[in-house]
Structures are given as structure tokens and as C-alpha cells.
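Undergrad: okay, here's the prediction I keep looking at, along with the sequence it came from:
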Amino acid sequence: MRFLIQRVKEASVTVKGQVVGKIGKGLLVFVGISNSDMIDTRIADKMVKKLIGLRIFEDENGKTNLDMKSVGGQLLIISQFTLYADCRKGNRPSFVNAGEPKKANDLYRYIIKKCREEMEQMHSMEEEHSMEEKFSPKVQEGIFGAEMDVALVNDGPFTIMLDSDDFR
């Protein structure tokens with residue numbers, strides 16, 4: 001499993017001309033799932049906890065010390081099988097390492113569910129929310145397997161990768 005994480009000022013995903021997910025300040029996360037990731041969800045749990053807890057937002061001194069909770073951040077999660085492209089031979093990427101679609105979608109749905117649980121728990125600990133925050137979902141998503149247009153304003157730019165191989 002791979003999470004390509006981009007710190008953003010804003011991001012959105014559009015399918016067939018319709019915006020299906022949109023966030024302000026937060027993280028745009030492209031999720032790639034391989035065949036070997038579909039065995040057990042414990043690695044997904046660890047990766048989601050790491051994602052939510054990453055201290056990659058700047059504090060008042062410009063140091064990356066703040067996490068999602070500290071900045072009231074949002075998540076936009078997009079499935080992206082191309083994170084498992086194998087480009088070692090020739091010029092045409094192979095995607096044989098990408099997860100089988102049905103099982104990959106099941107794990108993608110699980111990751112979104114876990115992110116929502118973590119974000120809900122995180123935000124329920126906060127004492128005050130603005131009216132806008134109360135009615136704005138903290139976790140948005142793309143549509144698995146759809147042709148998507150993703151727009152973002154990368155903050156930094158700041159882009160990092162989490163790989164399940166590092167969590168085994």
C-alpha cells in the first residue's frame with residue numbers, strides 16, 4: 001500500500017464535470033493498493049494513524065511541528081493504482097503489481113472508513129467548531145476506478161510517500 005501525501009491549501013476531484021470531493025487546508029492523499037496489501041487490515045490501520053498524526057504543517061515559527069488536529073485540516077482521498085507502476089522494462093508501465101480491483105476497492109473503502117473514524121475522534125476532542133466546520137465533512141473522496149480530474153494548490157510544495165513495506 002502506498003499513500004502519496006500532498007499538503008494542500010485546497011484540493012478537489014471532479015468526475016464527469018461534477019465535483020465529488022473538495023477540501024480546504026489539509027492533505028490530498030493518493031492511495032495505491034498492491035496485491036500483497038489485501039491480506040490484513042492491520043497495516044492499513046497503522047498507515048492511517050501515521051497519516052493523521054504526521055506533523056507536516058508549519059507552526060508560528062515556520063517549523064513543521066503541527067498535525068491535522070492542530071490546524072483543523074481535512075483529507076481528500078483518491079484511489080490511484082498507478083502508484084504501483086513498474087517502469088523497469090521498456091517505456092510502457094506495467095501494472096501487474098496493482099491490486100485486483102474488487103479487493104482493492106474493499107481496502108480503499110476500509111481506509112476511508114478508518115480515516116473518518118480517526119478524524120471524527122480527533123475533532124470530537126475539540127471544544128469549539130465554527131458552524132461551517134460542523135457541516136463540512138472532514139474526509140472527502142474520489143470515485144474508485146473513475147476517470148477523475150484532480151485540482152490542487154500544493155502548500156510548500158510538500159509531498160511525501162508512506163509505503164506499507166515500512167510498516168511490516
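TA: Received the coordinates, thanks.
Undergrad: check which helix or strand covers the residue nearest in space to the middle of the chain.
TA: Compute the mean C-alpha point of the chain, and by C-alpha atoms, centre = their mean the closest residue is residue 29, 2.5 Å away. Remark: residue 29 resides in strand 26-32, with elements defined by DSSP states H and E.
Undergrad: what is the subsequent helix or strand relative to that strand?
TA: helix 42-53.
Undergrad: would you put the C-alpha positions of that following helix in CSV?
TA: Extracted in CSV, the C-alpha atoms of helix 42-53 (Å, rounded to 0.1, in the frame of the first residue of the first chain):
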residue,chain,number,x,y,z
ARG,A,42,-3.5,-4.0,10.5
ILE,A,43,-1.0,-2.4,8.1
ALA,A,44,-3.8,-0.1,6.8
ASP,A,45,-4.7,0.9,10.4
LYS,A,46,-1.0,1.7,11.1
MET,A,47,-0.7,3.8,8.0
VAL,A,48,-3.9,5.7,8.7
LYS,A,49,-2.7,6.5,12.2
LYS,A,50,0.6,7.7,10.8
LEU,A,51,-1.1,9.8,8.1
ILE,A,52,-3.4,11.6,10.6
GLY,A,53,-0.6,12.1,13.1
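Undergrad: alright, that wraps it up for me.
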